[in-house]
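A.B. asks: no sequence on this one, just coordinates:
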Ligand code: PAF
């Protein structure tokens, strides 16, 4: 499996697919692939004739230079995993210059408030960077469908809004979170956790499951306080935020309303590694 880094070469190949009236699925990734990514690729293979997996660690979505520097990279391992799934996958590995021929910078977007809460308020410019790269990749690949994991639920909602705002003709498909045996949401960053902490990190999902149980009877504020207290008692994990928000507009809630869907969202530091997760509450 030889990756393609040149966008014109990729587009030429995809034109043949399109000429044959075959559909294209895109799975955008930053590499360091794990079962979470592979489940997206499997779904894309099921639903399309041709699947493109992009691997590009996008500098503009990192608000922290160390996080970017330490982000795990393992192209050979990634290619081996993809090859096991299907030899037909096209892997697109553009260089920084291929994606950002001029200045390495993001566009500024407004997503009607979706970008302001949670990840948006803790990671400066993050969603501008994500939307910039996703728009570029959608333009280069022009897929029929593009696949994103629900672990980054806020990102998924923003990407859906982006394609509406920019009228990009693609269907965005959200895929469920894959978890390690102890419940820890799969993430490329998990590789940076010391083993002992990784084993204990099921704690985060256990807190989310308990919050879900409490959601039937307790107020959102009571649950927020309960989660804070749980983390204060745990030395291994530092809570950045826990929020209960409306699943559609991502606004934190005070009072539950009938016929609305809610989700709990969490961001945690463990041994300097930032982890996020979320759970549907109703
Ligand atoms: O979810 C990710 O890995 C990234 O944010 C994405 C969508 C590949 C854009 O760089």
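C.D. replies: Yes, it's here. Source: prediction; values computed, not measured. Numbers count the residues shown, from 1 in each chain.

A.B. asks: isn't residue 127 right next to residue 116, touching?
C.D. replies: No - between residue 127 and residue 116 there is no contact under CB atoms under 8 Å: 9.2 Å. (Glycine included, C-beta is placed from N, CA and C.)

A.B. asks: In the stretch 51-200 of the chain, which residue sits nearest the ligand?
C.D. replies: Going by CB to the nearest ligand atom, the ligand is nearest to residue 58 of the stretch 51-200 of the chain, at 4.0 Å.

A.B. asks: where along the stretch 1-150 of the chain do the strands fall?
C.D. replies: Secondary structure of the stretch 1-150 of the chain, counting by DSSP state E, counting those that start in this stretch: strands at 24-29, 50-55, 90-92, 145-149.

A.B. asks: now those strands in TSV, with mean neighbour count and distance to residue 258?
C.D. replies: TSV is the format used below for the strands of the stretch 1-150 of the chain (neighbours: other CB atoms under 10 Å; distance: least, CB to CB, whole Å):
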stretch	mean neighbour count	distance to residue 258
strand 24-29	26	36
strand 50-55	26	41
strand 90-92	22	45
strand 145-149	23	29
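
A.B. asks: Dump the ones you listed to JSON lines, plus distance to the ligand and mean pLDDT.
C.D. replies: Putting these into JSON lines (distance: least, CB to the nearest ligand atom, whole Å; pLDDT from 0 to 100) gives the following:
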{"stretch": "strand 24-29", "distance to the ligand": "4", "mean pLDDT": "98"}
{"stretch": "strand 50-55", "distance to the ligand": "7", "mean pLDDT": "98"}
{"stretch": "strand 90-92", "distance to the ligand": "11", "mean pLDDT": "98"}
{"stretch": "strand 145-149", "distance to the ligand": "6", "mean pLDDT": "98"}
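
A.B. asks: Looking at those, spot the one closest to residue 39.
C.D. replies: Nearest to residue 39 among the strands of the stretch 1-150 of the chain is strand 145-149; the distance by CB to CB comes to 7.9 Å.

A.B. asks: Which strands border that closest one, and is each parallel or antiparallel?
C.D. replies: Here strand 145-149 has these sheet partners by DSSP bridges: strand 24-29 (parallel), strand 171-175 (parallel).
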